[in-house]
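> following is a predicted model, sequence given first.
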Amino acid sequence: PSTTLFRFMVGTIERSHKFALDTCIGRRCYENPAYLDMLKTRVNFDKMDTVFTSVSVFEVDKRAEYGFNEMQSAIESSLGKKIDVKEISYDMNLLGMWLRDNIGELHFPDDRILAYAMITGSILITCDKGLEKAARSVGHAVINPDNAVIDFSKTKSDLARLAKSKMQSIRKKIVSPVQSVQKAKSLALKPGKKIIWRSFE
């Protein structure tokens, strides 16, 4: 890639601290270790948290001859790091349904994986061209290792703007209760004091 594109890619990765793997990339890496070796040459996992979502646990355990835990352990061993599993929250389900209603080629449960990546600011890694296209259509950073060039070019469209607005409104709802609790604690405590929760048991 050009120097400009390379700098843009590096900047995008530095702003995010997490990769979200979808089910198809997990299965392909497990079933074809050479594919996982190729992925490791193209994507630097060392400084990034890497997660699967609970969607992948359900899909692999239901459809594959092997279990999710077996797949997860093999990929962790190859990467030399732990891969956490994160639940899909109620708000992610809501965003997922909105995405599916507005993106023709997006289907369940891929809509939940994309919603998770958007709300958490994770870079999505997938080899599913339909999911890749859906992510790009809403301006979300996505890596498909099958592509000759990895880029994070942003889509500027009405759909991308709507999706960003929807995501931000959901994020605001998630953050506000946390901030309210933190503010209440700061007002209730004297400087240097802290709540010892066992005192209320």
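Arrived safely.

> and the residue nearest to Val142 when sequence neighbours are not counted, backbone torsions?
Nearest in space to Val142, with sequence neighbours left out and distances taken as C-beta to C-beta, 6 or more residues apart in numbering, is Ala135 at 3.9 Å. (Each C-beta comes from the backbone N, C-alpha and C, glycine too.) Backbone geometry at Ala135, expressed as degrees, to the nearest 10, gives phi -60, psi -40.

> residues contacting Ala135?
Contacts of Ala135 were listed using C-beta atoms under 8 Å, 6 or more residues apart in numbering, and they are Leu114, Ala117, Leu124, Thr126, Ala141, Val142.

> tally of neighbours for the fourth one?
Around Thr126 sit 27 other residues, with neighbours defined as other C-beta atoms under 10 Å.

> ok, back up a step: select from the contacts of Ala135 every entry located in helices.
Leu114, Ala117 (DSSP state H).

> nearest to Lys172 among the contacts of Ala135?
Proximity of these to Lys172 was ranked by C-beta to C-beta; the top entry is Ala117 with 18.1 Å.

> identify the residues contacting the closest one.
With contact taken as C-beta under 8 Å, 6+ apart, Ala117 is in contact with Ala20, Ile123, Leu124, Ala135, His140, Val142.

> which one of those has the most neighbours?
Ala135 (29 neighbours).

> from Leu159, how far off is that one?
Counting by C-beta to C-beta, to the nearest Å, the gap from Ala135 to Leu159 is 12 Å.

> please apply the same query to Ala141.
Shown here: Ala141 relative to Leu159, a distance of 16 Å by C-beta to C-beta.

> got it, and Leu39?
With distances taken as C-beta to C-beta, Leu39 is found 29 Å from Leu159.

> likewise His17?
Distance from His17 to Leu159, counting by C-beta to C-beta: 27 Å.

> so where is the chain shaky, pLDDT-wise?
Scanning the chain with the threshold set as pLDDT under 70 gives 1-16, 151-155, 174-201.

> quick one: the strands in it?
In the chain, strands defined by DSSP state E lie at 18-21, 49-53, 84-86, 123-125, 142-143, listed in chain order.

> in its sheet, which strands sit next to the second one, and in what direction?
This points to strand 49-53. Strand 49-53 sits in its sheet next to strand 18-21 (parallel), strand 84-86 (parallel), going by DSSP bridges.

> adding distance to Met167, write the strands of the chain out as TSV.
Putting these into TSV (distance: least, C-beta to C-beta, whole Å) gives the following:
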stretch	distance to Met167
strand 18-21	14
strand 49-53	16
strand 84-86	17
strand 123-125	13
strand 142-143	15
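
> ok, Asn102 - contacts?
Residues in contact with Asn102, defined by C-beta under 8 Å, 6+ apart, are Leu159, Leu162, Ala163.
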